[in-house]
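Student: No letters, just coordinates:
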């Protein structure tokens with residue numbers, strides 16, 4: 001789209017719109033078809049992330065019981081599991097669907113209440129609009 005963008009995190013409607021948090025347009029009857037497609041694609045991307053975390057926890061079940069290691073070790077443990085997981089995926093190491101037993105999809109932590117409008121960043125709407133244009137230019141999917 002002619003403008004360099006940095007990475008963004010995906011959030012749901014409860015998060016404040018920031019230039020580094022991409023959230024859907026507020027669902028109402030005034031949304032355009034373009035905005036509805038953007039929201040749909042954002043939800044699809046979010047489900048891919050949830051599935052990736054589920055597979056990561058299933059393959060490396062030590063992540064299910066990290067309460068028995070020190071907090072200082074935890075970031076290194078998670079990073080090591082991510083690296084090993086990516087190596088397995090890159091080398092087509094088969095994922096055993098039986099590993100999913102006992103690994104429930106968990107709701108990712110999120111705010112309970114929508115963020116106040118004062119936390120919204122005006123520049124972030126430009127980022128969301130650029131992403132909306134980009135998604136539209138990518139065609140169906």
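Tutor: Everything's here; your move. What you see is a predicted model; the values in this text were computed from it and never measured.

Student: For the rest of this, base every contact and every neighbour count on C-alpha atoms.
Tutor: Noted.

Student: How about residue 24: what's its closest non-neighbour residue?
Tutor: In this structure, residue 24 finds its nearest non-sequential neighbour in residue 39, 5.1 Å apart by CA to CA, 6 or more residues apart in numbering.

Student: What's the local residue count around the one you found?
Tutor: Other residues within reach of residue 39, judged by other CA atoms under 10 Å, total 20.

Student: per-residue confidence averaged over the helix or strand hosting it?
Tutor: In the assignment (DSSP states H and E), residue 39 maps to helix 33-59. For helix 33-59, the mean per-residue pLDDT is 89.

Student: helix/strand/coil for residue 134?
Tutor: helix (DSSP: H, G, I helix; E, B strand; the rest coil).

Student: Quick check: it vs residue 103, distance?
Tutor: Residue 134 is 35 Å from residue 103, where distance means CA to CA, to the nearest Å.

Student: go on, residue 48?
Tutor: For residue 48, the distance to residue 103 - CA to CA - is 16 Å.

Student: Between those two, tell me which one has more neighbours.
Tutor: Using other CA under 10 Å, the more surrounded residue of residue 48 and residue 103 is residue 103, with 15 against 12.

Student: how deep is the nearest residue to residue 103 once chain neighbours are set aside tucked in, by neighbour count?
Tutor: Leaving aside its sequence neighbours, residue 103 sits nearest to residue 58 (CA to CA, 6+ apart; 6.0 Å). Neighbour count of residue 58, defined by other CA under 10 Å: 22.

Student: need the contact list for residue 58.
Tutor: With contacts defined as CA atoms under 8 Å, 6 or more residues apart in numbering, the neighbours of residue 58 are 99, 100, 103.

Student: ok, which stretches of this protein are helices?
Tutor: 33-59, 74-90, 122-137 (DSSP state H).
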